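Engineer: The following comprises the amino acid sequence and a computationally predicted model.
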Amino acid sequence: MDRPKLFRRRFIPDETVELKNDEILMLDEDILVTKWDVLKPRSDFTHGVSCFYMKKGWKISRIMDARDKWLYTYCDIIETCKNEKDNIILFNDLLVDVIVYDNGFVKVVDAGEISEALDKNLITVDMAKKALRILDDLLELIYAGRFQELLSSIKDFDAIERKIVRK
């Protein structure tokens, strides 16, 4: 099978972007792993590796700076839409996110965007409910001390991370 076209849709701001420069490191029915550089230059981070748990609704990203230092893990709540006919995978960003720092501190961010998106009719009530359920599942796993399972459930995740180190 040819490499699928990957797209990310955001509701705030309203945009759909092709992730054409993301390198697919692994893809099966449930999991997609990519390495990537930022789409627009940033001073805080430059690249990373992401694991999309397509059926769970989680995109877990290791965020790295220009010196290849791991900064934190960013967890997007997503909805995966596959178009097999056109070989497209679209990831809807369901607004609320979770940041997990190396010291174990957990921060939920952008939860208010769900209300804003509902007020502006950018998402449906069902999408908001879905986002909150997926968020709850992720937080339950984190608070149960099982977050590392998400990273270690991929064979050789550390080897994948080493591949993204710049020479």
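Structural biologist: Arrived safely. All values derive from a computational prediction rather than experimental measurement.

Engineer: Now do the SS call for the residue nearest to the spatial centre of the chain.
Structural biologist: For the chain, the residue sitting closest to the mean C-alpha position, by Cα atoms, centre = their mean, is residue 59 at 2.6 Å. Following DSSP: H, G, I helix; E, B strand; the rest coil, residue 59 is assigned to strand.

Engineer: For it, list the residues it contacts.
Structural biologist: Residue 59 makes contact with 50, 51, 52, 53, 75, 76, 78, 91 under the criterion Cβ atoms under 8 Å, 6 or more residues apart in numbering. Any C-beta I mention is one placed from the backbone N, CA and C, and that applies to glycine too.

Engineer: Just those: which are in strands?
Structural biologist: 50, 51, 52, 53, 75, 76, 78, 91 (DSSP state E).

Engineer: Going by neighbour count, which of these are buried?
Structural biologist: 50, 51, 52, 53, 75, 76, 78, 91 (16 or more other Cβ atoms under 10 Å).

Engineer: In TSV, list these along with pLDDT.
Structural biologist: Listed next are those as TSV, based on pLDDT from 0 to 100:
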residue	pLDDT
50	92
51	92
52	95
53	96
75	97
76	97
78	98
91	98
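
Engineer: Quickly name whichever of those residues is closest to residue 32.
Structural biologist: residue 52 (4.2 Å; Cβ to Cβ).

Engineer: what bridges to that closest one?
Structural biologist: residue 32, residue 59 (DSSP bridges).

Engineer: Correct me if wrong: it contacts residue 80.
Structural biologist: Yes - Residue 52 is within contact range of residue 80, at 7.0 Å (criterion: Cβ atoms under 8 Å).

Engineer: now the strands: where do they sit in the protein?
Structural biologist: For the chain, the strands defined by DSSP E cover 5-10, 15-18, 23-27, 31-37, 47-53, 58-64, 70-83, 88-100, 106-109.
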